[in-house]
Structure formats: C-alpha cells, structure tokens
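Undergrad: Would you be able to build a 3D model of this:
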Amino acid sequence: MKNDKYTFFDEIPFEDLGGGVRRKILAYGDDIMQVYVQFETGAIGAMHTHPHTQLTYVLEGEFEFTIDGEKKIVRKGDTLLKLPNMPHGCVCLKAGVLLDTFTPMREDFVKGK
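TA: Here you go, the predicted model:
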C-alpha cells in the first residue's frame, strides 16, 4: 500500500495481466513506485508510452526490448532507461522477471484498489 515502510512480497497477490504476464505492485509513494513483473516465454509487453520515467532491471530471463525504435536483447543484470513518452515494449524470449521503477508513481496501476 501507498507509503508503507515495509512491503512483504509474499503478502502481495499477483495481478494477472493476461497473455502470460502478471505483476505485483511493491512499495510506492507519490514520487516513486516499484513493480515486479513476471513473463512467460513468448509473452509480449505491448509497445506503449507514458509520462513517467522508468527504469527496468532484468532479474531473470531474456527479453527483446524496443526502446524509441532501437531493439536490443537484454538478460539478467541489465538495466533499461525509458524517458517520459518514449515508446517501448518487449517480447520475452526466455521466461523472466523485470523489476520496474517509475517516477512519479503510476496512479493508473492502483486506481480501484
């Protein structure tokens, strides 16, 4: 929940986004949010934009990312920067997990919760 000092992974339910993608919204405040996103092999993170700055850290797996028209293969330990309104998306090549950090927080992710 917003502004919680501690967030325990096992206490947060997964949100099924469909198509082999699910996520857990971790800690967040007004200015920052962290999200754990799990992908099955072949799952797609559709191309999109948003007004937030986003850092993505690859925890597991292998992905083909397109950021602002440039495609790269990324693996565990790699980090990606997406500036506001920069088109980006991915295809999961080997089942994996991404850790996304947004600033400011994604209000659209928590509406209705």
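Undergrad: Please write out the alpha-carbon positions of stretch 14-26 in PDB.
TA: Taking C-alpha atoms only, stretch 14-26 is exported to PDB below (Å, rounded to 0.1, in the frame of the first residue of the first chain):
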ATOM      1  CA  PHE A  14      -0.200 -11.300  -8.300                       C
ATOM      2  CA  GLU A  15      -2.400  -9.300 -10.700                       C
ATOM      3  CA  ASP A  16      -2.900 -11.300 -13.900                       C
ATOM      4  CA  LEU A  17      -2.400  -9.000 -16.900                       C
ATOM      5  CA  GLY A  18      -3.200 -11.800 -19.400                       C
ATOM      6  CA  GLY A  19      -1.000 -13.200 -22.200                       C
ATOM      7  CA  GLY A  20       1.500 -14.700 -19.800                       C
ATOM      8  CA  VAL A  21       2.200 -11.500 -17.900                       C
ATOM      9  CA  ARG A  22       1.500 -10.900 -14.200                       C
ATOM     10  CA  ARG A  23       2.700  -8.300 -11.700                       C
ATOM     11  CA  LYS A  24       2.900  -7.300  -8.100                       C
ATOM     12  CA  ILE A  25       2.900  -3.600  -7.100                       C
ATOM     13  CA  LEU A  26       5.500  -3.300  -4.500                       C
END
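Undergrad: Could I get the average pLDDT for it?
TA: Across stretch 14-26, pLDDT averages out at 97.
Undergrad: Tell me the buried residues in it?
TA: For stretch 14-26, the neighbour count (16 or more other Cβ atoms under 10 Å) marks Val21, Arg22, Arg23, Lys24, Ile25, Leu26 as buried. The C-beta positions use only the backbone N, C-alpha and C, and glycine is treated the same way.
Undergrad: try stretch 101-113
TA: Under the neighbour-count criterion of 16+ other Cβ under 10 Å, stretch 101-113 has Thr101, Phe102, Met105, Arg106 buried.
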